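Trainee: Build me a model from this:
(chains A, B and C)
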Amino acid sequence: MSTQSSRRTARLMLSPSVILLLVWMIVPLALTLYFSTQRYNLLYPDRSGFIWFQNYTRFVFSPGFLEAIVNTLILVVGVLVITVVFGILIALLIDRPMWGQGPVRILVISPFFIMPPVAALIWKNMFMNPTNGLFAEAAKFLGMAPFDFLGEAPLASIILIVAWQWLPFATLILLTALQSLSSEELEAAEMDGASAVRRFWYIMLPHLARSITVVILIQTIFLLGIFGEILVTTNGGPGTASTTLPFLIYKEALLDFDAGTAAAGGVVAVILANIVAIFLMRAVGKNLDA
Amino acid sequence: MGQITLSQVRKSFGDVHVIPGVDLTIEDGEFVVFVGPSGCGKSTLLRLIAGLEDTTSGTISIDGRDATSLPPAKRGLAMVFQSYALYPHMTVRNNIAFPLKMAGVPEAERAARVEAAAKVLNLTNYLDRRPGQLSGGQRQRVAIGRAIVREPAAFLFDEPLSNLDAALRVGMRLEITELHQRLKTTMIYVTHDQVEAMTMADKIVVLNAGRIEQVGSPLDLYHRPRNQFVAGFIGSPKMNFIGGAEAARHGGAATIGVRPEHIALSRERGEWKGTVGVAEHLGSDTFLHVGTEFGPMTVRAVGDVRADHGDTVWLTPDPAQLHRFDREGNRI
Amino acid sequence: MARAVTTGRKAANTAAAWAVGLILFFPILWTVLTSFKPEAQAVASPPVFLGFDWTMENYVDVNEQRDYFRYFVNSVIIALGSTALGVLIAIPAAWSMAFVPGRKTRDLLMWMLSTKMMPAVGVLVPIYLIFKWLQVLDTRIGLVAILTLMNLPIIIWMLYTYFKEIPGEILEAARMDGASLRSEILYVLTPMAIPGIASTVLLNVILAWNEAFWTINLTVTDAAPLTKFIAGFSSPQGLFYAKLSAASTMAIAPILILGWFSQKQLVRGLTFGAVK
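Mentor: Now for the predicted structure:
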């Protein structure tokens, strides 16, 4: 129903949210853009002035930049692959007849609700620590030398931690989608002579396509902002081995207090995020509108 | 009390002109039925009268006052929705009392009026139940109760019986008609079922693509349809139409129409020859679907008539009940 | 082909699924168990699984530091505060988009969504500086404000999907019954939307409690919630494991339990209603 009076009211009711989000979007971004053209170090606030694109060149051509981009990509893709593949497998497993599906679901989704610093510390101290972590103990038990996960393979270790946290999300989404698949469709396929593998490939997978799309989209958005896990485990190290783009910017801003460069980095991050978002939405948008 | 006039009312949704222009007067106390095929605009028209949609142009007056820009709450009308639209979280009592509460009626009087309405509608035993615990017919009555209690200038019904099963529909039809006889309030009733229209209405408004095709009493529309659309819409089974040379034979008409119940059936002789296709036996009537040289025709015979697929029959229309239409479909 | 699932099949499925579940849950389980161990046994080699001396001393220790309680309270205030504020702002917005949709409504929703896609790190500098200038660095108000803004899109989206499930005719009936807008929202919409609002609150509390970027970077000590507290232990403290486990268990327990009950809300909220 829409009459003039109700439309006027609606606009009024929408305005607080719209105004807030507009301000939230525009003001910080505008400021970031401004600062990115400034020479502005919080430790030396008087030494400021327009230096236009010097921040950008310094940032983009700094040695850590390319590595940060690569690390970010590896992190995101790595976690996506693990969570989607295992998410499908676990969802398929749980969707079968069994005893105690409810409790199993609870066990599987738990990692998602652990706050990132806690998750990071659990893995860092209890599992990956080469002196008395559980993995080290297992290695010793098997007569092998303990592996310094976070020291030798920092990025891979972080991927493991983050994947552990996000696997429940993917599994839950895919399980929900799986359970919405009517058994009649599968039974019809069975009557048409399709084997289990064929049924999965031609019926289940297309049905899941939309959910997989959503999972990839949502996770990418969140994964691009992974912070707490890196901070607490490796702090971006050793060196810059596990520094992602967001972490790099954070270091510039709050450790080096170089607001100008950090702002430039921020702009780069926003641009890249938008590119990823547009690319993703277009590539998979058709699935979403189905 | 309860006189409604629509003047040059138009409604467009963007480029779609749902209602190109309607002029209509509804007298106080009348039971008016808006009837027509799906998408003809009858529900839209009702919602315009209710105030749930704005008119694009034109005026709506209620009892002489211009109500075109009044919000629904201020028009003094009550509506019964197709889905009943009961408040699921309130008891039947509170559902019926809600409009009174909104009007600021004091508690004691509220309770009294709710009890009165409940008695009229046989809901007294259900007052403390929730809509979810009621059957379709009971929910229907609660919706009606909620409307009655407001003592409105007119009742608006939006296809209220569509969600009921066939048997319940017949019963509720009678109840609503009885209600009208008792309350004598104006009722505007929207339906796509022409049987409901014929049995309940004082006045029927036949709508097609947003235009009024004809306004009249049920029997008016039955005996003197103004055009082919109305002729084909009113009456079940549909009127038979014949064009071409046979139609021209009857006074130069482009099309002639005759109702299934006005055709005489014979095995020996008649005006038109046909072959029986499907025969529907209802016990009280028999409907024969006959193939003729002019196309398929439906014939109604009283009682149980023996007719097998492939039988030859002769059909003779009653000349007094023959309708003639010109090329535009208007009555000659 | 016989339809009955053999018991053997069921048993195999059960075993496999439980194995996977327990493997995934194990780190959490280990942490909880360790929190009840005396510090020495927490780092014992080889590790002790169940046969240790159960003790509550770690919990007592952590609680006795008044600091811990303060961090906990900050987490509660920030999570509940940002959720309450967000819901208050979002309800009118969701109402208007669900019940008086216009041509631009879909675009508006997509735009609101896109504000969530902006990487937080992109605005770290200006937000930090704004907070500094407004002197709200390390204040609970500041954090409540920013978390509200971060989660507003999700709250609006979730409420929108729940509101859309309320039949519009019922609100129209209320209008015909003479209800003003205020009455309509108060007596009809809100009671019917309570399950949806509750679900939204549930999910948002979880998200706000676990938020680690702004809560770590915009606080020092006064407004620091549990995320910051735990993050402070990132350098190995050697013999701290049992106490750390106790602190961690207390930090995650409330949200973990809430999370167990919010699976449906999670799916709806974080897929922005795309998967139901």
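
Trainee: going forward, measure contacts and count neighbours with C-alpha atoms only.
Mentor: Noted.

Trainee: Need the per-residue pLDDT for residue 23.
Mentor: As the question left the chain open, I've gone with chain A. Looking at residue A:23, its pLDDT reads 85.

Trainee: not quite, I wanted chain B
Mentor: 93.

Trainee: tell me which element it falls in.
Mentor: strand B:16-26 (DSSP states H and E).

Trainee: ok, then the element right after that strand?
Mentor: strand B:31-35.

Trainee: about what we covered before: what distance separates the strand holding residue B:23 from the centre of its chain?
Mentor: Per CA atoms, centre = their mean, to the nearest Å, the displacement of strand B:16-26 from the mean C-alpha position of its chain is 17 Å.

Trainee: what packs against it?
Mentor: With contacts taken as 3 or more CA pairs under 8 Å, 6 or more residues apart in numbering or on different chains; DSSP states H and E, strand B:16-26 sits against strand B:4-13, strand B:211-216.

Trainee: Shouldn't residue B:187 be within a strand?
Mentor: Yes. With DSSP: H, G, I helix; E, B strand; the rest coil as the criterion, residue B:187 is part of a strand.

Trainee: Is stretch A:195-211 positioned near chain C?
Mentor: Yes. For stretch A:195-211, a contact with chain C is found by CA under 8 Å from any CA of the partner chain, at residue A:211.

Trainee: likewise stretch A:214-227?
Mentor: Yes. Using CA under 8 Å from any CA, we find that stretch A:214-227 touches chain C at A:214-215, A:218, A:221, A:224-225, A:227.

Trainee: Can you name the residue of chain A nearest chain C?
Mentor: residue A:266 (3.7 Å; CA to the nearest CA).

Trainee: which stretch among the helices and strands packed on strand B:16-26 comes nearest chain A?
Mentor: strand B:4-13 (10.7 Å).

Trainee: Counting by contacts, list what the closest one packs against.
Mentor: With contacts defined as 3+ CA pairs under 8 Å, 6+ apart, the packing partners of strand B:4-13 are strand B:16-26, strand B:57-62.

Trainee: what's the pLDDT at residue C:3?
Mentor: pLDDT recorded at residue C:3 is 57.

Trainee: what's whichever strand or helix holds residue B:144 in contact with?
Mentor: Under the criterion of DSSP H and E, residue B:144 resides in helix B:136-148. For helix B:136-148, contacts defined as CA atoms under 8 Å, 6 or more residues apart in numbering or on different chains pick out B:78-81, B:84-86, B:92, B:95-99, B:117-118, B:121, B:123, B:131, B:155, B:160, B:163-164, B:168, B:172.

Trainee: buried subset of those?
Mentor: B:78-81, B:84-86, B:92, B:95-99, B:117-118, B:121, B:123, B:131, B:155, B:160, B:172 (16 or more other CA atoms under 10 Å in any protein chain shown).

Trainee: Compile the helices and strands packed on strand B:16-26 into CSV and extend it with columns for mean neighbour count and mean pLDDT.
Mentor: Shown next, in CSV, are these (neighbours: other CA atoms under 10 Å in any protein chain shown; pLDDT from 0 to 100):
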stretch, mean neighbour count, mean pLDDT
strand B:4-13, 19, 91
strand B:211-216, 18, 93
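
Trainee: Of all those strands, which one is nearest residue A:24?
Mentor: Of all those, strand B:4-13 sits nearest to residue A:24, with 35.3 Å by CA to CA.

Trainee: Mind exporting the C-alpha coordinates of that closest one to CSV?
Mentor: The C-alpha trace of strand B:4-13 is given here as CSV (Å, rounded to 0.1, in the frame of the first residue of the first chain):
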residue,chain,number,x,y,z
ILE,B,4,-20.7,6.7,-1.8
THR,B,5,-20.0,8.5,-5.1
LEU,B,6,-17.0,8.1,-7.3
SER,B,7,-16.5,10.8,-9.9
GLN,B,8,-14.0,10.4,-12.8
VAL,B,9,-11.8,8.3,-10.6
ARG,B,10,-8.6,7.3,-12.3
LYS,B,11,-5.7,5.1,-11.0
SER,B,12,-2.4,4.5,-12.7
PHE,B,13,0.7,2.7,-11.4
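
Trainee: Contact partners for the residue nearest to the spatial centre of chain A?
Mentor: The residue lying closest to the centre of chain A (CA atoms, centre = their mean) is residue A:223, at 1.3 Å. Shown in contact with residue A:223 (CA under 8 Å, 6+ apart): residue A:76.

Trainee: now swap in residue B:255 and tell me
Mentor: Residues counted as contacts of residue B:255 (CA under 8 Å, 6+ apart) are B:241-244, B:247-248, B:324-327, B:329.

Trainee: Chain neighbours aside, what residue packs nearest to residue 32?
Mentor: I'll assume chain A. Nearest residue to residue A:32 in three dimensions, chain neighbours excluded: residue A:263, at 5.1 Å (CA to CA, 6 or more residues apart in numbering or on different chains).

Trainee: wait, I meant chain C there
Mentor: residue C:249 (5.9 Å).

Trainee: element containing the one you found?
Mentor: Assigned by DSSP H and E, residue C:249 falls in helix C:241-260.

Trainee: Equivalent analysis for residue B:78, please.
Mentor: strand B:77-80.

Trainee: tell me, how many neighbours does the residue of the stretch 1-150 of chain C found nearest chain A end up with?
Mentor: Nearest residue of the stretch 1-150 of chain C to chain A: residue C:122, at 3.7 Å (CA to the nearest CA). Applying other CA atoms under 10 Å in any protein chain shown, we find 28 residues neighbouring residue C:122.

Trainee: repeat for residue B:245
Mentor: For residue B:245, using other CA under 10 Å, the count is 13.

Trainee: Test my guess that residue A:165 contacts residue A:115.
Mentor: No. Judged on CA atoms under 8 Å, residue A:165 makes no contact with residue A:115 at a distance of 9.2 Å.

Trainee: which of these two has more neighbours?
Mentor: Per other CA under 10 Å, whichever of residue A:165 and residue A:115 has more neighbours is residue A:115, with 27 against 23.

Trainee: Quick check on the more buried one: phi, psi?
Mentor: phi -70, psi 140 (degrees, to the nearest 10).

Trainee: residues in contact with the nearest residue to it once chain neighbours are set aside?
Mentor: The shortest distance from residue A:115 to any non-neighbouring residue, by CA to CA, 6+ apart, is to residue C:210 (4.6 Å). Residue C:210 makes contact with A:113-116, C:227, according to CA under 8 Å, 6+ apart.

Trainee: same question, residue C:137
Mentor: C:128, C:131, C:218-219.

Trainee: can you confirm it is in a strand?
Mentor: No. Using three-state DSSP, the assignment for residue C:137 is coil, not a strand.

Trainee: Out of the helices and strands packed on strand B:4-13, which is closest to residue C:200?
Mentor: strand B:16-26 (38.2 Å).

Trainee: Mind listing the strands that closest one pairs with, and their directions?
Mentor: With DSSP bridges as the test, strand B:16-26 is paired with strand B:4-13 (antiparallel).

Trainee: Distance from the chain centre to the partner strand, please.
Mentor: Counting by CA atoms, centre = their mean, strand B:4-13 comes out at 20 Å from the chain centroid.
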